[in-house]
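Trainee: what would the 3D arrangement of this be:
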Amino acid sequence: MKSALRILGKMTWVELKLFMREPITMAFTFALPVIFLVVMGGVFGNTPDPDGRVYGGVGPLNYYTPAYIAMVISSIGVVGLPVHIAAYRERRVLRRLRASSLSVWTVLGSQVLVSFVIAVLGSILLSVVSFIIYHADFPKQLALFIPAFVLGSISFSALGFFLGAVLPTTRAAQGVGIILFFLMLILGGAGPPREVLSTPMRVIGDATPVWYVIQLLQGPWLGKGWNIDASLIVAGITVVATLLSARFFRWE
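Mentor: Modelled structure (predicted):
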């Protein structure tokens, strides 16, 4: 048991360093969410709407900070992880890993742990920027926010494995991932206020997984408790994506 954990730790450390060397991962996880947060803060500030018609009556940056934490998580699931897996398959790294003494669960488990660590680092950076520049609130119910964050991270890791399984090349993974990222950014609850979106746009936004992760994170962040409906949907997405990944995953 200790030997297996030691191997998992070493594999995770190596994969973390490799992940951090990917320019596209760094850009979509650490840079873009912070840039969009600063832009939204510059446009809307953090003063609540007196009529409470938008952002649920809270300050825009208190609304957007957990939303962009969800985008940090999603960027790993739709961009970083699929590109990483597709590149490994193209270079036949997956084939060599499968032929080695490493277990499948060690290889896949290290990817999940790396995704979680990067999501934590990106979220901390985003929160610190939001607090320093716009004096946004930190989570009001941290004990609920942590499991919500973990569930969201696992869900997008499962989606990342699925995309990595079905997308044949690195270029395909990059193209599809970037399109999905910006679609979720604009329509999934992290872009313009949903109140100003047309009905078809809101319907598309409701179909994006990030919308439910945003709701899941915003509840404890804003002190509104655990969103049961959102958590069930996110858990369901996790199960379906995991089953599809197992069905379609290819080592070479």
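Trainee: tell me which stretches of the stretch 51-200 of the chain form strands.
Mentor: In the stretch 51-200 of the chain, no strands are defined using DSSP state E, counting those that start in this stretch.
Trainee: for I228, give me the pLDDT.
Mentor: The score at I228 is 94. That number is its pLDDT.
Trainee: one more: the one 5 residues further on?
Mentor: According to the predicted model, the pLDDT of I233 comes to 95.
Trainee: likewise the one 3 residues further on?
Mentor: For G236, the model assigns a pLDDT of 95.
Trainee: which of the helices or strands spans it?
Mentor: Per DSSP states H and E: G236 is located in helix 228-248.
Trainee: counting contacts, what elements does that helix pack onto?
Mentor: helix 142-166, helix 209-221 (3 or more C-beta pairs under 8 Å, 6 or more residues apart in numbering; DSSP states H and E). C-beta here means a position set from N, CA and C on the backbone, and glycine is covered the same way.
Trainee: of all those helices, which one is nearest A190?
Mentor: A190 sits nearest to helix 209-221 of all those, at 6.7 Å, using C-beta to C-beta.
Trainee: tell me which residues in stretch 233-247 are buried?
Mentor: Using 16 or more other C-beta atoms under 10 Å as the test for burial, stretch 233-247 gives I233, V234, I237, T238, A241, T242, L244, S245.
Trainee: and if you look at stretch 188-196?
Mentor: If you call a residue buried by 16+ other C-beta under 10 Å, then stretch 188-196 has these buried ones: G188, G189, A190, G191, R194.
Trainee: which residues in the stretch 51-200 of the chain form helices?
Mentor: Under the criterion DSSP state H, counting those that start in this stretch, the stretch 51-200 of the chain contains helices at 60-75, 81-90, 93-99, 104-134, 142-166, 170-187, 199-206.
Trainee: and the ones you listed, which one averages the lowest pLDDT?
Mentor: helix 93-99 (a mean of 69).
Trainee: before we move on, the earlier item: looking at the buried residues of stretch 188-196, which is nearest L32?
Mentor: A190 (10.8 Å).
Trainee: what sits against the closest residue to the closest one other than its chain neighbours?
Mentor: Distance criterion C-beta to C-beta, 6 or more residues apart in numbering; nearest residue to A190, sequence neighbours excluded, is A67 at 4.2 Å. Residues in contact with A67, defined by C-beta atoms under 8 Å, 6 or more residues apart in numbering, are G189, A190, I214, L217, Q218.
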